[in-house]
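1. Provide a 3D model corresponding to the input given below.
(chains A, B and C)
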Amino acid sequence: MKYIPDGLRRLWHRMGSPRWFYETTGSWVPWLAASAALLLGVGTVWGLAYAPPDYLQGDSFRIIYIHVPAAYLAQAGYMLMAVCGVVLLVWRMKLADMVMATVAPVGAAFTFLALATGSIWGKPTWGTYWIWDARITSVLILLFLYLGIMGLRRAIERPEAAGRACAILAIVGVINIPIIKYSVDWWMTLHQPATFSVTSAPAMPPVMWIPLLLNVLGFNLLFAVSVIQGTRTEVLLRERRTRWVTDLCRQERA
Amino acid sequence: MSHAVLDIRDLRCERDDRELFADFDLRLEAAQALQLRGPNGAGKTTLLRCIAGMHPEYEGSIRLLGVPVSGDQLLFVGHRPGISGLLSAADNLRWHLDLAGWRGSGGVVSAALERVGLIGYEEVPCQQLSAGQQRRVALARLALPTAEVPLWLLDEPFTALDDAGLQLVSGLMAQRLAGGGAILFTTHQPAPDLPGLSTRWIGAAS
Amino acid sequence: MRASPGSEASLWVLFRGQLRRDLKLAFGQPSELANPLAFFVVVITLFPLGVSPEPGVLAGMAPGVLWIAALLATLLGLEALFRRDRDDGTLEQMVLRAQPLYLPVVARMLAHWMVTGLPLTLLAPVLGGMLNLAPEARLPLMLGLALGTPVLVLLGGVGAALTVGLRTGGVLLALLVLPLFVPVLILGVSAAELAGSGLDPTGPLLWLAAGTSFAITTVPFAIAAALRIGVETG
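-> Residues are numbered from 1 along each chain as shown, chains lettered A, B, ... in the order given. Presented below is the predicted three-dimensional model:
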């Protein structure tokens, strides 16, 4: 750490303080929430009502406006947990553990959303709600990984130990995710050589991809605001016996 | 060597949301023994586990010979014996030697077992021994050459022992003190007669 | 006479000592040794009864059934992997004293594999025969199990170490490790299936070999870190 400039190191230490996080992010939440609502509103209405139907799938393709951002955030959430896990194990930063604890249920919710929309999409595309498609199978396994982390955190009583245990599991899991993904893709090529793929479709016109872009941004903000708000709650819960939190509670009550 | 064997400064330690220590200092020199006394739940065991690195939720500094504690510099005998009931006494002790990377002759195992009075029981699985005999197997670790480390942490070393066993353990402790080691131990019994022994009460004030 | 810590010979002493102890412990309880194997055979027997005794149907599903049964049998042996050591305090002595902890962990996992994965591998062709598995698929099946079960044992070891201090370990352990077993399952089954349909199974077997090498070098660190958490609390 001695090669890092002093200013950066101070910022790093301050960022590690749960109190600093709580006090700094308080004013962000309404702005983030409002922007997320705006982007999602415009993107979703545009995508569902005004974008032209797909040349092959007709109107059913419109579910990508929900499905794609959800599936992307499901994976990004797991990565974020693993990064927090490394920060926790290496620098013992408690805030990283609080973020990790919050990301797990949020990420699992997005994973579930991706699975549900994928399954609904399957009905008009393949004629059935569930098909062992490579992508859907990978997302299902990702959901199991999330449930494992949530189960482990719940089972271990001491929050400090639970955090480090989950960090180890998240790191092992994140190394496995690409391996799982490629093995499942490869398994599909063995069992079902030719299947419909979105990537082989011609490039989308702007009227189709701009609402998708808006929704991707909106979902990102929604994810961020959920994680920030969840982490704020987690900070208060874990620091409930410290002076600054009891003072804060007294002020709120007054 | 100006460093104390064990030097604890400003220790603050919590367990289950309860503060056990605050501003706790402790210094132990070579050839000194310190007996920790105090009511149940005062944190005697937690203190030993903090020193051994098995209770990470503390603030403050714990140093062994001036550096952070390393597991090969101390010997820890806890509530759990560290002895596998399915293996014989000799196998258990051999494993303890291997753990420390001991390369000398295995003759030290029978020497240690002889010291604790278990000759004739070397190859019996430990779970078939009586509670007192099992306790002696655990304490035979103190008589192994790998026990010649700067610091011993003994949690209730005298429980389940008869008078002869008590004599035996205090003899081993005296021997280690004479060899320049330091010993930190907890007990509810009156202190045995050891050179350089002092007593520290924990949790009595509150 | 005490070896200087970290010298080659004392590292070997550490490894060998742990391996010898764990093998003695395993062979000290023949029933626990036999249980996962018996489980493996019983599960295999259920499939002809539950699905179909038709030789053609059995041959088609044999690789998958054998692999899933092996997976579950491995899982069965995992819960006790560190629990007894934790209860009698030998685990905390190992975590405290062994330097580096990596070595006894590798020895522990090797011993566990020798009494679970290895017998499963040796037994698999016999059961494959009972399920009418194509003769040319038997060797790839065995090779796949020989290369894949070490990964299962190691990944399972992470789960076992993470849940060692918990009262409700069993079901949680399955949830933690089964998703991680997926690539091994896919590669192992493919090797047997490819060989069964007259194709070259080398590809998936090489991938399994790569996975095993990677797992042996990295996963014990995760197990060691998890065990350190497991011996805290007391």
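2. what residues of the helix or strand harbouring C:Lys24 count as buried?
-> Using DSSP states H and E, C:Lys24 sits within helix C:8-27. Neighbour counts over helix C:8-27 (16 or more other Cβ atoms under 10 Å in any protein chain shown) mark C:10-11, C:13-15, C:17-26 as buried. No exception for glycine: its C-beta is placed from N, CA and C like everyone else's.
3. of those, which pair is most distant in space?
-> Largest separation among these by Cβ to Cβ: C:Ser10 and C:Ala26, giving 24.7 Å.
4. quick one, helices of the stretch 1-150 of chain A?
-> With DSSP state H, counting those that start in this stretch as the criterion, the stretch 1-150 of chain A has helices at A:6-15, A:18-25, A:28-45, A:64-91, A:94-126, A:134-155.
5. correction: chain B
-> Secondary structure of chain B (DSSP state H): helices located at B:44-52, B:89-99, B:107-115, B:131-140, B:163-178.
6. and for the longest one, what's in contact with it?
-> If you take Cβ atoms under 8 Å, 6 or more residues apart in numbering or on different chains as the criterion, helix B:163-178 is touched by B:31-33, B:115-117, B:132, B:135-136, B:139, B:142-143, B:147-148, B:152, B:154, B:157-158, B:161, B:183, B:185, B:192-196.
7. could you list which of those residues belong to strands?
-> If you go by DSSP state E, those have B:Ala33, B:Trp152, B:Leu154, B:Ile183, B:Phe185 in strands.
8. would a markdown table of the helices of chain B with mean pLDDT and mean neighbour count be doable?
-> Converted to a markdown table, these look like this (pLDDT from 0 to 100; neighbours: other Cβ atoms under 10 Å in any protein chain shown):
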| stretch | mean pLDDT | mean neighbour count |
| --- | --- | --- |
| helix B:44-52 | 91 | 23 |
| helix B:89-99 | 94 | 24 |
| helix B:107-115 | 91 | 17 |
| helix B:131-140 | 90 | 21 |
| helix B:163-178 | 91 | 17 |
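9. between these, which one is nearest to B:Asp23?
-> helix B:44-52 (13.9 Å).
10. any part of that closest one near chain A?
-> No. Residues of helix B:44-52 are not located near chain A by Cβ under 8 Å from any Cβ of the partner chain, the shortest gap being 12.9 Å.
11. how about that helix and chain C, any contact?
-> Yes. Using Cβ under 8 Å from any Cβ, we find that helix B:44-52 touches chain C at B:Thr45, B:Thr46, B:Arg49, B:Ala52.
12. scan the ones in strands among the contacts of helix B:163-178 and report the most crowded one.
-> Using other Cβ atoms under 10 Å in any protein chain shown as the neighbour criterion, B:Ile183 leads these with 27 neighbours.
13. pretty sure that residue contacts B:Leu154?
-> Yes. At 6.7 Å, B:Ile183 and B:Leu154 qualify as touching, with contact defined as Cβ atoms under 8 Å.
14. the helix holding C:Lys24 near chain B at all?
-> Yes. Judged by Cβ under 8 Å from any Cβ, helix C:8-27 comes into contact with chain B at C:Ala9, C:Ser10, C:Leu11, C:Val13, C:Leu14, C:Arg16, C:Gly17, C:Gln18, C:Arg20, C:Arg21, C:Lys24, C:Leu25.
15. who's in contact with the following helix or strand past that helix?
-> Counting by DSSP H and E, the next helix or strand C-terminal to helix C:8-27 is helix C:30-50. Residues outside helix C:30-50 that contact it (Cβ under 8 Å, 6+ apart) are C:26-27, C:58, C:61, C:65-66, C:69-70, C:72-74, C:76-77, C:80, C:115-116, C:119-120, C:123, C:127, C:130-131.
16. how about the residues of the stretch 151-254 of chain A by chain C?
-> So the stretch 151-254 of chain A meets chain C at A:151-152, A:155-156, A:158, A:161, A:164-165, A:168-169, A:171-173, A:175-176, A:179-180, A:182-184, A:186-187, A:190 (Cβ under 8 Å from any Cβ).
17. residues in contact with stretch C:152-161?
-> Stretch C:152-161 has contacts (Cβ under 8 Å, 6+ apart) with A:168-169, A:172, C:70-71, C:74-75, C:78-79, C:81-83, C:105, C:108-109, C:112-113, C:116-117, C:169, C:173, C:176-177, C:180-181, C:184, C:215-216, C:219-220, C:222-223, C:226-227, C:230.
18. so how far is that stretch off the chain centroid?
-> 8 Å (Cα atoms, centre = their mean, to the nearest Å).
19. about what we covered before: which one of the helices of chain B lies closest to C:Leu139?
-> helix B:89-99 (37.9 Å).
20. and the angle for the closest one with helix B:107-115?
-> Interaxial angle of helix B:89-99 relative to helix B:107-115 (axes from the mean of the first three to the mean of the last three Cα atoms, to 10 degrees): 130 degrees.
21. near chain C at all, helix B:89-99?
-> Yes. Interface with chain C: helix B:89-99 contributes B:Asp91, B:Arg94, B:Trp95, B:His96, B:Leu97, B:Asp98, B:Leu99 (Cβ under 8 Å from any Cβ).
22. and the residues you listed, which is closest to chain C?
-> Relative to chain C, the closest of the residues of helix B:89-99 next to chain C is B:Asp98; by Cβ to the nearest Cβ it sits at 2.2 Å.
23. for the closest one, what are its contacts?
-> B:Asp98 neighbours (Cβ under 8 Å, 6+ apart): C:Val13, C:Leu14, C:Arg16, C:Gly17, C:Gln18, C:Arg20, C:Arg21.
24. where does pLDDT dip in the stretch 101-250 of chain A?
-> For the stretch 101-250 of chain A, the stretches with pLDDT under 70 are A:191-203.
25. over to chain B?
-> Scanning chain B for pLDDT under 70 picks out B:1-2, B:204-206.
26. tell me which element the residue nearest to the spatial centre of chain C is part of?
-> Nearest to the geometric centre of chain C sits C:Val153, at 2.7 Å (Cα atoms, centre = their mean). Element membership of C:Val153, judged by DSSP H and E, is helix C:135-162.
27. after that helix, next one along is what?
-> Next in sequence after helix C:135-162, counting helices and strands by DSSP H and E, comes helix C:169-177.
28. contact partners of that next one?
-> A:144, A:147-148, A:151-152, A:155, A:169, C:75, C:78-79, C:83, C:155-156, C:158-160, C:162-163, C:166.
29. mind giving me the packing neighbours of the helix or strand just after it?
-> Next in sequence after helix C:169-177, counting helices and strands by DSSP H and E, comes helix C:182-196. Judged by 3 or more Cβ pairs under 8 Å, 6 or more residues apart in numbering or on different chains; DSSP states H and E, the packing partners of helix C:182-196 are helix A:159-191, helix C:55-78, helix C:135-162, helix C:202-230.
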